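Novice: Please find the sequence and the predicted model below.
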Amino acid sequence: MQRKAYVPGIAALLAALLAGCTGSSGDTGTTDDSNPGDPGTATAPAQPGRYRTLPEPCGSVGRGTLDAMLPGIKQITDEEQRTTAYEGEATLTYDTDRKVGCRWKVESTDATDHLLVDFERVVSYDSAVSGDGQAEQQFAKLEAAADLPEPTASEPASPTGTPTDSASASASPTPPASSASSSGSPSGSPSSGSPSPSVTPSLLQPRLLEDLGDEAFLDDALSSSGSTAQQRTVTVAFRTSNVIVTIEYVEQPTTIGVAPDSKEMQDKARNLAAQLADSLSG
């Protein structure tokens with residue numbers, strides 16, 4: 001009879017223990033549910049650039065364009081040498097997935113012309129910066145290094161960024177005949193009112209370009225060394241997504257005192273840039 005008296009006490013103790021365990025389990029469940037969104041709070045990595053490869057640079061410029069920019073090619077009589085001139089020479093690179101280029105150099109009876117085309121694919125190694133963003137930062141450095149002059153509000157331009165006919169006429173104070181003689185025409189020396197052939201009209205000064213890639217600029221520099229002929233270098237650079245393209249076009253006449261025509265060289269360089277931009281977008 002005495003052993004039966006302990007049963008109710010044991011039962012009560014077991015009930016209390018079970019109740020405590022149930023409460024503890026409920027508390028634990030509440031703690032686990034307090035951070036339901038933790039896995040989803042991680043920031044998604046920035047997107048890579050659009051382009052994963054680069055074009056073959058020496059094959060990116062057509063023969064017609066090379067004929068226009070390097071007129072000396074047509075003057076090469078040896079067929080093998082002319083073919084080699086068209087092919088160009090690849091620039092030295094250690095990573096063809098990231099940077100490639102090609103250069104041409106051709107001499108003619110009137111001048112020596114150089115052409116360089118360079119492609120660079122920018123890759124971001126920062127998960128917070130996209131490939132496009134990294135390329136944009138790099139292009140901004142190129143633009144800053146070019147030290148472009150501030151644009152003038154009074155300079156009208158056509159939608160393509162080239163001077164309009166009326167703007168070009170107003171920029172030159174001399175009639176067309178005088179302008180022709182000042183550009184090295186054999187008709188005679190320029191008149192006293194003609195601008196110096198080494199002076200670039202304001203509409204042809206280094207500037208930003210529109211309707212070319214995501215962003216673009218043009219640089220134009222005329223240099224001379226002592227008694228040698230004046231050398232003009234026209235550079236057009238543009239960015240399309242994470243690829244930066246640079247065109248460098250250089251001409252040095254064989255005649256001392258003759259300056260290469262700025263507008264003609266700029267037009268040729270810009271035409272090539274437009275062709276390369278279209279090929280990248282296609």
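Specialist: Sure, I can see it. Numbers count the residues shown, from 1 in each chain.
Novice: switch to C-alpha atoms for all contacts and neighbour counts from now on
Specialist: Noted.
Novice: okay, and for the stretch 1-150 of the chain, where does confidence drop off?
Specialist: Counting by pLDDT under 70, the stretch 1-150 of the chain contains low-confidence residues at 1-44.
Novice: For the residue nearest to Tyr249 when sequence neighbours are not counted, give the beta-bridge partners.
Specialist: With Cα to Cα, 6 or more residues apart in numbering as the measure, Leu115 is the residue that lies nearest to Tyr249, at 4.7 Å, once sequence neighbours are left out. According to DSSP bridges, the partner residues bridging Leu115 are Trp104, Tyr249.
Novice: residues contacting Leu115?
Specialist: When contacts are counted by Cα atoms under 8 Å, 6 or more residues apart in numbering, Leu115 touches Met69, Arg103, Trp104, Lys105, Ile247, Glu248, Tyr249, Val250.
Novice: Give me the contact list for stretch 116-130.
Specialist: Contact with stretch 116-130 is made by 45-49, 51-55, 57, 97-104, 131-132, 134-135, 242-249, as judged by Cα under 8 Å, 6+ apart.
Novice: filter those to the buried ones?
Specialist: For the contacts of stretch 116-130, burial is judged from neighbour counts taken by 16 or more other Cα atoms under 10 Å, and it is met by 46, 48-49, 51, 54, 57, 98-104, 131-132, 134-135, 242-249.
Novice: Mark which of the residues you listed are part of helices, please.
Specialist: Secondary structure from DSSP state H places Gly131, Asp132, Gln134, Ala135 of the buried ones among the contacts of stretch 116-130 in helices.
Novice: contacting residues for the last one?
Specialist: Remark: with contacts taken as Cα under 8 Å, 6+ apart, Ala135 is in contact with Val122, Val123, Arg239, Ser241, Asn242, Val243, Ile244.
Novice: at 6 Å what do you get?
Specialist: Residues counted as contacts of Ala135 (Cα atoms under 6 Å, 6 or more residues apart in numbering) are Val122, Asn242.
Novice: So Lys74: helix, strand or coil?
Specialist: Under DSSP: H, G, I helix; E, B strand; the rest coil, the three-state class of Lys74 is helix.
Novice: Give me the distance between it and Leu66.
Specialist: In this view, Lys74 and Leu66 are 10 Å apart by Cα to Cα, to the nearest Å.
Novice: all helices for this protein, in order.
Specialist: Listed in chain order (using DSSP H), the helices of the chain are 7-32, 63-69, 79-87, 131-146, 165-171, 176-182, 262-281.
Novice: CA-only coordinates of the third one, as CSV, when you get a sec.
Specialist: Backbone C-alpha positions of helix 79-87 (Å, rounded to 0.1, in the frame of the first residue of the first chain) are rendered in CSV as follows:
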residue,chain,number,x,y,z
GLU,A,79,51.7,42.8,-106.2
GLU,A,80,53.2,40.9,-103.3
GLN,A,81,54.3,44.1,-101.5
ARG,A,82,50.9,45.7,-102.1
THR,A,83,49.1,42.6,-100.6
THR,A,84,51.4,42.8,-97.6
ALA,A,85,50.6,46.5,-97.2
TYR,A,86,46.9,45.7,-97.2
GLU,A,87,47.3,43.0,-94.6
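Novice: So the closest residue to Thr112 other than its chain neighbours versus Asp278, what's the distance?
Specialist: Nearest residue to Thr112 in three dimensions, chain neighbours excluded: Gln252, at 5.3 Å (Cα to Cα, 6+ apart). Distance check for Gln252 against Asp278: by Cα to Cα, it reads 29 Å.
Novice: between the two, who's got more neighbours?
Specialist: Neighbours per residue (other Cα atoms under 10 Å) separate Gln252 from Asp278, with Gln252 holding more: 24 against 12.
Novice: I figured the more buried one hits His114, correct?
Specialist: No - no contact is recorded between Gln252 and His114 when judged using Cα atoms under 6 Å, the distance being 8.8 Å.
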